[in-house]
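Colleague: Sharing a model that was predicted from the sequence below.
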Amino acid sequence: MDETRPKRRYHSPQRLLQAEDTRRKVLDAARRLFAAQGYAATTLPNIAREAGVSQPTITGVFGTKAQLLSHMIQVAVRGDAESPPLTERPWWQATLSEPDPRRQLALHAVNVRRIHERSADVAEIARGAATADPEIDCMLIRAQEMARYVEHGAVDAGLTGLDWVIESGLEVVTVSDLIYAKRSRGKVRWVLAVPEESTAQRAEDLAGSIIATELVKVTRDYFKRRFAYFSNWANAGRGDPSGFTRPESNVPPGSPHQR
């Protein structure tokens, strides 16, 4: 008869509260020091003294200084140190489940504003840290830039949308297709939208109009591929002028698409 008994799991609510209090003190101390003297000039011993803990405690809980900053960013964006990711928070889910588009947009604006309000100083810290720490620099690569970083060999691999890969025009290899988006775990799509009062009912009705888009190359190629008479395009980009691009029509007289 096997008399081996499973070990009892030790659970102490008091210890959990103490551990969470220590994490909070370290994060608060790091946030103050990073903001006051910069990420590069702040060391883990500095943070330990400010928080009133030992350096091994910090490395045991967070790891490296870069990992500490990463955790700080997560807490600032989420609003607390709880484990559920941003997209599973009740206030985020409420936005996703809102059936009224206007109300959904209003809720999204409120959520984004609150996130930026509580994380603005951390964003500035991260931007400063990126100039001194390559690990932080990689964390701040935007999805729009990822293909360029991979193609140039700055990073070995990265996560980005297929739309941004196509927009970049760079040659990269797709390793895996991951079906999820920032706001949900489903697919998303780009749409061509006009005001409700617009007389445009089809894409071809937009000849001579100004189209605002982040996907300048994709939008240009879409119109050229679909409508051969959209041949002349303004050489516009995200900064020239403000991401606007204008399809000009070479519709022959008498064409059913002439406006």
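Modeller: Happy to help now that I have it.
Colleague: domain assignment for this protein?
Modeller: 17-140, 143-189, 190-259 (automatic domain parsing).
Colleague: mean pLDDT lowest for which of those domains?
Modeller: Lowest mean pLDDT within these: domain 190-259, a mean of 66.
Colleague: name the element residue 42 belongs to?
Modeller: Under the criterion DSSP states H and E, no helix or strand holds residue 42.
Colleague: need the contact list for it.
Modeller: 30, 33-34, 65 (C-beta atoms under 8 Å, 6 or more residues apart in numbering). (C-beta placed from N, C-alpha, C; glycine too.)
Colleague: In TSV: those residues, plus neighbour count and secondary structure.
Modeller: TSV is the format used below for the contacts of residue 42 (neighbours: other C-beta atoms under 10 Å; DSSP: H, G, I helix; E, B strand; the rest coil):
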residue	neighbour count	secondary structure
30	26	helix
33	20	helix
34	26	helix
65	22	helix
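Colleague: Show me which of those is closest to residue 124.
Modeller: Closest approach between the contacts of residue 42 and residue 124, by C-beta to C-beta: residue 34, at 9.2 Å.
Colleague: ok, the residue nearest to that closest one when sequence neighbours are not counted - contacts?
Modeller: Nearest non-adjacent residue to residue 34, counting by C-beta to C-beta, 6 or more residues apart in numbering: residue 125, 4.5 Å away. Contact analysis of residue 125 by C-beta under 8 Å, 6+ apart lists 31, 34-35, 39, 69, 72.
Colleague: Check the offset of the helix ranked longest in the chain from the chain's centre.
Modeller: In the chain, assigned by DSSP state H, the helix with the most residues is helix 101-130. Relative to its parent chain, helix 101-130 has a centroid offset of 10 Å by C-alpha atoms, centre = their mean, to the nearest Å.
Colleague: ok, which stretches of the stretch 151-259 of the chain are helices?
Modeller: In the stretch 151-259 of the chain, the helices defined using DSSP state H, counting those that start in this stretch lie at 162-168, 216-226.
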